[in-house]
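Chemist: Test case, fold it:
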Amino acid sequence: MGDLPATLYTRRERFQGYRDALDAAGLPFDRTLVETGHDQEAARRATLRLLALPSPPSALFAANNLASMGTVLALAAARRRDVALVGFDDLPLAEVLDPPLTVVAQDPAAIGAAAAELVLSRLDGDRSRARRTLVPTRLVVRGSGEVPPSSYGTI
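Modeler: Coordinates of the predicted model:
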């Protein structure tokens with residue numbers, strides 16, 4: 001899988017969330033700490049590039065599960081246990097990694113149920129305006145996101 005289009009809604013939303021979190025923490029946005037490749041290999045290379053910076057980030061956010069896998073591989077290859085990592089989307093076996101991967105988890109069943117409800121209401125004649133349905137995510141703290149950060153990067 002190659003890079004996801006910059007216009008992809010979820011990509012834009014996750015990036016805005018990153019920017020909002022920096023603002024809330026009073027931290028500046030640094031474009032050099034942001035990588036846009038979202039497949040596993042691009043994330044692995046991006047992580048190695050970030051780790052090679054003169055002042056590498058001490059915390060990383062991987063915006064999807066493929067990016068999380070690439071980041072985990074790079075951190076393991078570099079033997080870096082001093083970099084916090086939080087991924088978006090859970091991974092199979094995330095809890096058995098060392099350290100276990102902290103993630104922002106979606107609820108696929110709730111997303112599917114909301115979509116089905118909307119489709120069925122449209123099939124029943126609902127002609128109301130388009131609307132947004134938010135399905136909450138949850139932070140699953142497992143251990144990889146607790147390294148005290150001094151700078152932040154996103155992959």
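
Chemist: and V72, what helix or strand is that in?
Modeler: Secondary structure assignment for V72, by DSSP states H and E: helix 65-77.

Chemist: And L139, by the same measure?
Modeler: strand 138-140.

Chemist: Would you confirm that S58 contacts R80?
Modeler: No: assessed by Cβ atoms under 8 Å, S58 is found out of contact with R80, at 9.8 Å. In short, each C-beta sits where N, CA and C put it, glycine included.

Chemist: Do a quick rundown of the strands in this structure.
Modeler: Here the chain has its strands, by DSSP state E, at 59-62, 84-88, 102-105, 138-140, 152-154.

Chemist: and those as a markdown table, adding mean neighbour count, distance to G37 and mean pLDDT?
Modeler: As requested, those are exported to a markdown table (neighbours: other Cβ atoms under 10 Å; distance: least, Cβ to Cβ, whole Å; pLDDT from 0 to 100):
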| stretch | mean neighbour count | distance to G37 | mean pLDDT |
| --- | --- | --- | --- |
| strand 59-62 | 26 | 11 | 92 |
| strand 84-88 | 23 | 15 | 93 |
| strand 102-105 | 20 | 19 | 94 |
| strand 138-140 | 13 | 24 | 93 |
| strand 152-154 | 23 | 12 | 56 |
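
Chemist: okay, these in a markdown table with distance to E41 next?
Modeler: A markdown table is the format used below for these (distance: least, Cβ to Cβ, whole Å):
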| stretch | distance to E41 |
| --- | --- |
| strand 59-62 | 13 |
| strand 84-88 | 16 |
| strand 102-105 | 20 |
| strand 138-140 | 25 |
| strand 152-154 | 17 |
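
Chemist: So for Y18, which of the ones you listed sits nearest?
Modeler: Closest to Y18 of these, according to Cβ to Cβ: strand 152-154, at 5.1 Å.

Chemist: So L120 versus V104, what's the distance?
Modeler: L120 sits 29 Å away from V104 when distances are taken as Cβ to Cβ, to the nearest Å.

Chemist: sorry, back to before: name the residues of the helix holding V72 that come out as buried.
Modeler: For helix 65-77, the neighbour count (16 or more other Cβ atoms under 10 Å) marks N65, L66, A67, S68, M69, G70, T71, V72, L73, A74, L75 as buried.
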